[in-house]
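Student: Dropping a prediction and its sequence here:
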Amino acid sequence: MRQIEHFIGGEFTAGSSGRRFEKRSPLDNRVITSIAEGGKAEVDAAVAAARAALDGDWGRLTTDARVTMLHAVADEISRRFDDFVDAEMADTGQPAHVMEHVFIPRGAANFKIFADVVKNVPNESFRMDTSDGRGALNYGIRVPKGVIGVISPWNAPFLLMTWKVGPALACGNTVVVKPSEETPNTAALLGEVMDAVGVPAGVYNVVNGFGPDSAGAFITSHPGVDAITFTGETRTGTAIMKAAAEGTRDVSFEMGGKNAGIVFADCDFDAAVAGIFRSAFLNTGQVCLGTERVYVERPIFERFVEALRNKAEGVRFGPPRDQGADYGPLISREHQQKVLAYYAKAVAEGATVVTGGGVPDMPAGLADGNWVQPTIWTGLPETATVVREEIFGPCCHVRPFDSEDEVVRLANDTDYGLATTVWTSNLQRAHRMAERIDVGITWINSWFLRDLRTAFGGAKQSGIGREGGVHSLEFYTELRNVCVKL
Ligand code: NAD
Ligand code: 6OD
């Protein structure tokens, strides 16, 4: 059984409380990990270590030295690539190829890219006139915000945690991270990496535990935490925002979605089917950017639904190292039950189940895992629960539409505003749609194609703020103005 400790002030520690909790494998629900559970004392210690590092060696490093160190972190992640893949697979049960091609390489990139952004982005400067004719020069300097609380989810644990830690450290901050209770492994492994490359003690701290009345809430309400960056459910974001109000700390939130995929009849049909399929079912549907509402222009609706059904029925379930498996279990029994409750609700509200709707037959040894079938529905009104609420499972509702105006109205009829994917060969229409859909990210003829220099975040209840490229600098630094009378 794996043992996961906190990482505080450069040391792995069980903490003073001695409390622990267990993690079960998504594949079969066997207990596989014992995790130290942090309380107030551990959070206090982590925040104190983070503050001391800011005031000590880390705070005194030049930008060049910091950038070099973060490149070394990225290189060490790449050197220990297989360990990260194994750790993430143990936590999530998702296929090795998803870890190898998407999630773990992004962890390394999150350190490299933001180190380069910090090094290359110029600061603003304004020359101004003064009444004596000599003028003045204003210039901006960016300083770290301080101790950043990082609260991260379980669905792409390493990618999403480093997406915050990378830029935070690149900007010279220190961090106290609370990974999801479901996925503590890669955050702990990153502690080993930090240690190996000589990142000063206290720069990167991890306290494990839960949310309310536990490590998560203690971090977000701690007066020594200067800003909070969070990825997770919108409901959790509301609780964290209340905690951040105390002390008026800044927040950056990336939250839920109920994303629309929009398919016009003039699309490249096969590419659209493959793209919508990937966006609905990658990571067993546990992707915030995923498509749970699909709108297809009526002339190709029947053919599209049939093609999507064929693909869903061709999916192979299996454990991560099964080369043929493209589909893992859901993260936990609790999440499986939640998704299955939505499957039942869809039927109760009158859905036509095109495929799926239940639990697949799995061989002995895997039968107790959190498996669910990829599921496609049609025939529901837009008021149906599964069309309105984020399910975070491998499922989508498909509905026909007749005009651009109609589909814009349908796509925007949601409290969320994270992402959309539009499939069309008409470029003018593609640009129009990008302007008319209320989301943070529109993908045209693609999905989850990421350039880390771009703004990333959600509109409406999907988020507050933007990260990525210079936008991360905005959040992780204070911009000071210096005015020099000439
Ligand atoms: P969650 O909100 O349940 O948990 C996220 C983290 O918050 C966990 O570490 C949890 O322990 C912690 N937490 C919970 N309550 C807390 C509290 N009161 N105070 C402090 N911390 C608390 O989310 P999840 O189930 O882990 O992740 C799935 C959700 O995340 C989905 O809604 C998904 O859409 C969203 N998500 C959004 C993005 C994005 O970029 N917009 C990315 C990934 C996931
Ligand atoms: O690619 C990213 O930077 C990012 N934040 C992805 C989010 C995926 C959600 O599941």
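Tutor: Cool, got the structure. Ligands and ions are numbered 1, 2, ... in the order given.
Student: Give me the contact status of stretch 222-234 with ligand 1.
Tutor: Yes - against ligand 1, stretch 222-234 shows contacts by CB under 6 Å from any ligand atom at 231, 232, 233. Heads up, the C-betas are built off the backbone N, CA and C, glycines and all.
Student: Quick check: next helix or strand after the host helix or strand of residue 406?
Tutor: For residue 406, the host element (DSSP states H and E) is helix 404-412. Next helix or strand after helix 404-412 toward the C-terminus (DSSP H and E): strand 416-417.
Student: is that next one anywhere near ligand 1?
Tutor: No - Strand 416-417 lies apart from ligand 1 when judged by CB under 6 Å from any ligand atom; the minimum separation is 8.6 Å.
Student: ok, and what's touching that strand?
Tutor: 234, 256-259, 390, 438-440, 458-462 (CB atoms under 8 Å, 6 or more residues apart in numbering).
Student: Return the list of strands paired to that strand, each annotated with direction.
Tutor: Sheet partners assigned to strand 416-417 using DSSP bridges are listed as strand 459-460 (antiparallel).
Student: mind checking which helix or strand of this protein has the lowest mean pLDDT?
Tutor: helix 96-98 (a mean of 93; mean pLDDT, DSSP states H and E).
Student: Return the distance of that helix from the chain's centre.
Tutor: On the basis of CA atoms, centre = their mean, to the nearest Å, helix 96-98 sits 17 Å off its chain's mean C-alpha point.
Student: next one: stretch 72-89
Tutor: 18 Å.
Student: got it, and stretch 282-292?
Tutor: With CA atoms, centre = their mean, you get 11 Å for stretch 282-292.
Student: Tell me how far residue 437 lies from residue 259.
Tutor: According to CB to CB, to the nearest Å, residue 437 stands 10 Å off from residue 259.
Student: for residue 25, same thing?
Tutor: Distance from residue 25 to residue 259, by CB to CB: 29 Å.
Student: Those two: which is more packed in?
Tutor: The residue with more neighbours, out of residue 25 and residue 259, is residue 259; 32 against 20, by other CB atoms under 10 Å.
Student: doesn't residue 293 make contact with the more buried one?
Tutor: Yes - under the criterion of CB atoms under 8 Å, residue 259 makes contact with residue 293 at 7.1 Å.
Student: average pLDDT across the helix or strand following the least confident helix or strand of the chain?
Tutor: The element immediately downstream of helix 96-98 (helix or strand, assigned by DSSP H and E) is helix 104-120. The pLDDT scores in helix 104-120 average 96.
Student: Helix 104-120 vs ligand 1: in contact?
Tutor: No - with CB under 6 Å from any ligand atom as the criterion, ligand 1 is not reached by helix 104-120; the gap is at least 12.5 Å.
Student: what's next to that helix, contact-wise?
Tutor: By CB under 8 Å, 6+ apart, the list of residues contacting helix 104-120 from outside reads 63-64, 66-67, 70-71, 73-75, 77-78, 81, 84-85, 88, 158-159, 162-163, 165-167, 169-171, 186, 190, 450, 452-453, 469-470, 472-473.
Student: Pull out the buried members of those.
Tutor: The neighbour-count criterion (16 or more other CB atoms under 10 Å) marks 66-67, 70-71, 73-74, 77, 81, 84-85, 88, 158-159, 162-163, 165-167, 169-171, 186, 190, 450, 452, 469, 472-473 among the contacts of helix 104-120 as buried.
Student: Considering only these, which also neighbour ligand 2?
Tutor: 163, 450.
Student: Out of the residues of stretch 222-234 next to ligand 1, who's the most crowded?
Tutor: The most crowded member of those, judged by other CB under 10 Å, is residue 231 (25 neighbours).
Student: which residues touch that residue?
Tutor: 151, 152, 153, 160, 163, 164, 253, 254, 255, 288.
Student: what pairs with it across the strands?
Tutor: With DSSP bridges as the criterion, residue 231 is bridged to residue 254.
Student: Tell me how far the closest residue to ligand 2 within the stretch 151-300 of the chain lies from residue 386.
Tutor: Nearest residue of the stretch 151-300 of the chain to ligand 2: residue 288, at 3.6 Å (CB to the nearest ligand atom). Applying CB to CB, the value for residue 288 to residue 386 is 17 Å.
Student: re the thing from before, any shared contact partners between residue 437 and residue 259?
Tutor: With CB under 8 Å, 6+ apart, residue 437 and residue 259 have common neighbours residue 420.
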